[in-house]
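S.K.: Provide a 3D model corresponding to the input given below.
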Amino acid sequence: MLDNLNQTQNQDLVIKPIAGIDTIPIRHAVLRQGKPIEACFIDQDDLESTFHFGLYFKNKLVAVCTFVSDHSTLFNDSKQYRLRAMGVLDNYQGMHFGKQLLNFGVDFLKTKQVDRLWFNARIVALDFYKNNGFETIGEIFDIPEVGPHYVMHKSLK
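M.R.: Numbers count the residues shown, from 1 in each chain. A predicted model of the protein is given here:
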């Protein structure tokens, strides 16, 4: 499992698995600001097939992401995962933490023989994901109370 994947770390930065509950403060601060804390939970948070990762900078959790087993009819791949609720605290954006965390998760999913990673991306994050090898598919759509999104994806084969 994770033994096959080297933890990304230096003396100031560590990426490691975390519990779903540990993602909530960052999800709330970055993705659900001004909404009730209950809006930060994902139905799949506690499933065995779900993976949560956190990036710690100087021992402070500053970025999180969650990967859930989820099949989209947009893709024919048999083993698909979906990125959910990725966020980096505002004061730590622009430091490439999101890129490092995303790449760590992609590398981990490859060890699980996942064929495709897909997700709904906010418009503000499109360039970030495009710069990390993801592409859009389909038309823009609205998620009520969250805003406009595109489906983005990448083959992990």
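S.K.: When you work out contacts or count neighbours from here on, use the C-alpha atoms and nothing else.
M.R.: Will do.
S.K.: mind listing the strands for this structure?
M.R.: Secondary structure of the chain (DSSP state E): strands at 13-17, 51-57, 60-69, 80-88, 116-122, 135-143, 147-155.
S.K.: wait, which of those strands is closest to Arg32?
M.R.: strand 80-88 (9.6 Å; Cα to Cα).
S.K.: What strands line up against the closest one, and which way round?
M.R.: Its sheet considered, strand 80-88 pairs with strand 60-69 (antiparallel), strand 116-122 (parallel) by DSSP bridges.
S.K.: Show me how far the shortest one is from its chain's centre.
M.R.: Computed by Cα atoms, centre = their mean, to the nearest Å, the separation of strand 116-122 from the middle of its chain amounts to 9 Å.
S.K.: Take it, keep the C-alpha atoms, and write them as PDB.
M.R.: The C-alpha coordinates for strand 116-122 follow below in PDB (Å, rounded to 0.1, in the frame of the first residue of the first chain):
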ATOM      1  CA  ARG A 116      -8.500   7.200 -14.700                       C
ATOM      2  CA  LEU A 117      -8.800  10.100 -12.300                       C
ATOM      3  CA  TRP A 118     -11.600  12.600 -12.900                       C
ATOM      4  CA  PHE A 119     -13.300  15.400 -11.000                       C
ATOM      5  CA  ASN A 120     -15.500  18.500 -11.200                       C
ATOM      6  CA  ALA A 121     -13.200  21.500 -11.300                       C
ATOM      7  CA  ARG A 122     -14.100  25.000 -10.300                       C
END
